[in-house]
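Participant: Here's a sequence, model it:
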Amino acid sequence: MTFFQKTIVLVELYAPSILRYGMAAVILWFSLQQLIHADAWTAYVPDSIVSLSHMSAVTLVYFNALFELVFGVMLLFGWQTRISALLLSLHLFDIMWVVGYGEIGVRDFGLAVATLVVFMNGPDLLCIQKKKSISADKIN
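Facilitator: Just a heads-up that it's a prediction; the model follows:
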């Protein structure tokens, strides 16, 4: 096997991990921005949601940030990878629907599809749950 072929094999092996890490970084960045600057994010909360929930827009932004923080950390470490990636993907599709067609909606569509691909791949080589199952296989 040539150096080029070995490199391609390594790239293919670690590509799902890199995608998962990249998506986790994006989700966590948005989560932290919402926690730090909640007032700046209230414009994205639909008035209908505010009136239905009987909570302020800032409170809803904090809840959204907490959701993204919890599932972003789970995605980062690869714990319950499929569940966290599916929930985050559905969340991003919903955000895309709310913001509508435009530069932000198209960006969120790409992020939602990328996160859906993480869900479709399932646990990758560097996931905590994968390492745990590999360790269990070695014991048996």
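Participant: Could you use CA atoms for every contact and neighbour count after this?
Facilitator: Noted.
Participant: which residues in the protein form helices?
Facilitator: 3-36, 38-41, 47-53, 57-77, 81-99, 103-121, 128-139 (DSSP state H).
Participant: What backbone torsions are found at Cys127?
Facilitator: For Cys127, the backbone dihedrals (degrees, to the nearest 10) come out as phi -70, psi 140.
Participant: check contacts around the spatially closest residue to Asp108 that is not a sequence neighbour.
Facilitator: Leaving aside its chain neighbours, Asp108 sits nearest to Met96 (5.4 Å; criterion: CA to CA, 6 or more residues apart in numbering). When contacts are counted by CA atoms under 8 Å, 6 or more residues apart in numbering, Met96 touches 104-106, 108-109.
Participant: Would you mind checking those residues for buried ones?
Facilitator: 105, 108-109 (16 or more other CA atoms under 10 Å).
Participant: so who does Thr7 touch?
Facilitator: Contacts of Thr7 were listed using CA under 8 Å, 6+ apart, and none were found.
Participant: quick one: it and Cys127, what's the gap?
Facilitator: Thr7 is 21 Å from Cys127, where distance means CA to CA, to the nearest Å.
Participant: residues contacting the nearest residue to Arg82 once chain neighbours are set aside?
Facilitator: Closest residue in space to Arg82, ignoring its immediate chain neighbours: Phe119 at 4.6 Å, by CA to CA, 6+ apart. Contacts for Phe119 (CA under 8 Å, 6+ apart) come out as 81-86.
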